[in-house]
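[1] What follows is a protein structure lacking sequence information:
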């Protein structure tokens with residue numbers, strides 16, 4: 001088998017983008033005309049830009065439904081079903097939320113009617129004593145009504161706060177659970193910036209919508225409905241013209257509701273684009289500096305911001321058009337009520353008290369309507385963010401758990417092939433039969449497929465062809481909870497969670513005792529430095545707390561693995577961040593503890609291979625040599641060449 005590698009310099013130029021020929025991030029049609037153009041031309045250009053932004057939003061929205069790569073966006077009916085399920089689980093508190101707010105709103109509508117009656121009594125005349133007595137009685141009634149309204153409003157707001165917080169808690173728990181269930185292969189293959197944006201900005205937006213938007217929309221909607229009923233009961237003549245004017249805004253509201261979701265989803269996608277570019281630039285900062293790519297990365301960031309600005313201009317225009325129509329439709333009824341009321345009073349159709357009550361109702365109706373429109377906009381933003389979050393849940397599972405359970409720890413991989421891209425296999429028919437309790441080292445040059453093989457052997461990914469079985473059962477057919485007790489993978493990547501040292505280690509088994517934690521720390525050679533921490537196992541570590549070196553963080557990860565106690569371990573460069581002397585000591589300590597377990601060690605440090613029972617040499621996705629250290633050195637093949645290079 002040939003192991004020749006093609007010359008990368010021969011084709012490297014083909015991998016560079018032709019920056020001079022690339023299309024600008026913002027089309028020329030979206031650039032405003034220069035100064036000096038007429039007002040008519042500017043308005044015409046503004047209208048064309050709005051239509052182009054609308055088309056771009058529709059295209060982005062359509063592409064988000066089923067993207068080739070990246071994360072999808074859920075349909076509106078999925079979002080509605082999600083919120084209905086949340087409300088269905090809270091029937092009791094939802095009833096009290098509606099009932100108390102309805103009572104508070106209804107009580108508030110009594111006062112204008114009482115004031116209207118006062119006007120009618122005053123206009124009717126009578127003795128001063130009778131009027132004074134009537135006024136005193138009315139004042140007492142108004143005080144009682146206002147106090148009752150205050151109590152009901154307090155109770156309604158309390159229930160609303162509890163309702164919003166409970167709704168928010170469940171929504172966040174659902175999103176976290178969904179994210180944790182994502183297939184790792186999909187997470188690694190999709191845009192990190194998009195996922196980060198969804199679980200940060202979109203979660204925050206959804207939180208505000210759920211916590212404040214939903215309760216306030218319910219409250220404002222109830223108040224509007226009851227106000228309309230009160231207006232009709234007071235006087236149909238005075239109510240109908242005002243309601244018709246207010247209803248005339250329905251066309252613009254409908255237009256907004258049709259376009260806003262697409263605009264806000266487009267906004268979210270542009271924020272993901274900004275985060276992706278920023279994350280890539282920060283993570284590759286040294287490469288950017290080494291290759292003098294700073295200007296190009298800044299230009300990429302500027303382009304992302306410019307694209308995002310266009311998306312925000314589109315939604316801002318939608319809001320401006322909506323609020324302009326709303327302002328006219330909500331303010332004109334005051335004038336119409338006075339005009340119609342004056343004519344009706346002249347004709348004897350309505351009384352002064354009814355006119356007064358109608359004006360107060362119109363005035364009180366504008367506030368809830370304004371809030372309802374404002375909450376409607378907030379809900380549109382929240383629905384867009386929730387659509388992006390629920391889109392994560394639409395990512396298909398990469399495995400289906402079966403009913404079979406392993407009858408032993410014997411791990412076998414047969415005819416393993418795997419491709420990150422269709423038609424480009426990185427493993428080519430690899431087969432490995434691991435003896436229970438043996439140490440297998442996998443070595444080979446970078447990019448040969450060692451880590452991919454480790455991911456298949458640990459059940460992170462399923463093979464394209466072939467199978468990996470433990471105890472006669474496919475790894476990918478096991479429930480994840482059981483899979484991690486059978487085979488565990490530790491990579492060169494590590495994470496320290498915010499919490500105590502104890503919390504970080506017992507994540508694998510929360511019922512572990514302190515003695516077990518100390519034993520695990522001793523096994524990885526980290527007991528001494530943990531004992532020197534301010535409060536030992538109770539010391540807070542993670543972001544914003546006691547900082548750890550990369551080596552210490554990796555030791556915590558290894559101690560966590562020991563607590564998990566799987567029968568098979570796959571170590572993928574697990575000690576790469578620890579200096580060679582410490583790594584050698586660590587591996588020696590672990591070798592005693594790991595006695596009796598099957599261990600697959602993937603490493604470039606060949607002393608690990610020297611200590612292994614068998615060594616698999618992987619070249620270009622195939623196992624070209626398999627045997628002990630002495631056997632492979634005697635063969636004078638690929639491993640012998642690697643060993644001579646390592647020891648020379």
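    The structure has been received and is ready for your questions. Fair warning: this is a prediction, and the values are worked out from it, not measured in the lab. Numbers count the residues shown, from 1 in each chain.

[2] how close does residue 382 get to residue 388?
    Counting by Cβ to Cβ, to the nearest Å, the gap between residue 382 and residue 388 amounts to 11 Å. Quick note: C-beta positions are derived from backbone N, CA and C, even for glycine.

[3] for residue 107, that is, sorry about that
    For residue 107 relative to residue 388 (Cβ to Cβ), the value is 40 Å.

[4] More neighbours: the two, which one.
    A count of neighbours by other Cβ atoms under 10 Å puts residue 388 above the other of residue 107 and residue 388, at 29 against 20.

[5] is it true that the more buried one lies in a strand?
    No. Residue 388: not assigned to a strand; according to DSSP: H, G, I helix; E, B strand; the rest coil it is helix.

[6] ok, it - contacts?
    71, 73, 74, 198, 202, 265, 268 (Cβ atoms under 8 Å, 6 or more residues apart in numbering).

[7] per-residue confidence at it?
    Listed pLDDT for residue 388 reads 83.

[8] Now do it against residue 78, distance only.
    Computed as Cβ to Cβ, the residue 388 to residue 78 distance reads 11 Å.

[9] ditto for residue 299
    Distance from residue 299 to residue 78, by Cβ to Cβ: 38 Å.

[10] Look at the nearest residue to residue 112 once chain neighbours are set aside and say how many residues are nearby.
    The spatially closest residue to residue 112, leaving aside those adjacent along the chain, is residue 360, at 3.6 Å (Cβ to Cβ, 6 or more residues apart in numbering). Per other Cβ under 10 Å, the neighbour tally for residue 360 reads 19.

[11] So residue 360, which state does it fall into?
    helix.

[12] Could you do residue 431 as well?
    Residue 431 - assigned by three-state DSSP - is strand.

[13] List the contacts of it.
    Residue 431 neighbours (Cβ under 8 Å, 6+ apart): 413, 414, 415, 416, 466, 623.

[14] how many other residues sit next to residue 321?
    Other residues near residue 321 number 15, with proximity taken as other Cβ under 10 Å.

[15] Give the closest residue to it in space, chain neighbours not counted.
    Using Cβ to Cβ, 6+ apart, the nearest residue to residue 321 is residue 252, at 6.5 Å.

[16] Next: residue 400.
    residue 477 (7.2 Å).

[17] gap between that neighbour and residue 184?
    17 Å.

[18] Which one's more surrounded, those two?
    Neighbour totals were compared for residue 477 and residue 184, and residue 477 leads with 18 against 12 (other Cβ under 10 Å).

[19] Could you tell me the backbone phi and psi angles at the more buried one?
    Backbone torsions for residue 477, taken as degrees, to the nearest 10, come to phi -100, psi 0.

[20] Could you do the one 10 residues further on as well?
    Here the main-chain torsion angles of residue 487 (degrees, to the nearest 10) amount to phi -130, psi 140.

[21] Compute the distance between the nearest residue to it once chain neighbours are set aside and residue 440, please.
    Among residues not flanking residue 487 along the chain, residue 568 sits closest, at 4.4 Å (Cβ to Cβ, 6+ apart). Residue 568 sits at a distance of 10 Å from residue 440 (criterion: Cβ to Cβ).

[22] Now do the shared contacts for the two.
    434, 598, 599, 600.

[23] For the residue nearest to the spatial centre of the chain, give its distance to residue 312.
    A centroid search over the chain (Cα atoms, centre = their mean) returns residue 199, at 2.5 Å, as the residue closest to the centre. Residue 199 is 21 Å from residue 312, where distance means Cβ to Cβ.

[24] got the residue ranges for the strands in the chain?
    411-421, 424-434, 439-443, 465-470, 473-474, 487-490, 499-500, 540-541, 568-572, 598-602, 614-619, 622-627 (DSSP state E).

[25] Mean pLDDT and distance to residue 532 added to those, as JSON lines?
    Shown next, in JSON lines, are these (pLDDT from 0 to 100; distance: least, Cβ to Cβ, whole Å):
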{"stretch": "strand 411-421", "mean pLDDT": "88", "distance to residue 532": "39"}
{"stretch": "strand 424-434", "mean pLDDT": "88", "distance to residue 532": "39"}
{"stretch": "strand 439-443", "mean pLDDT": "88", "distance to residue 532": "32"}
{"stretch": "strand 465-470", "mean pLDDT": "89", "distance to residue 532": "40"}
{"stretch": "strand 473-474", "mean pLDDT": "88", "distance to residue 532": "45"}
{"stretch": "strand 487-490", "mean pLDDT": "82", "distance to residue 532": "25"}
{"stretch": "strand 499-500", "mean pLDDT": "90", "distance to residue 532": "15"}
{"stretch": "strand 540-541", "mean pLDDT": "90", "distance to residue 532": "13"}
{"stretch": "strand 568-572", "mean pLDDT": "83", "distance to residue 532": "27"}
{"stretch": "strand 598-602", "mean pLDDT": "86", "distance to residue 532": "30"}
{"stretch": "strand 614-619", "mean pLDDT": "90", "distance to residue 532": "38"}
{"stretch": "strand 622-627", "mean pLDDT": "89", "distance to residue 532": "44"}
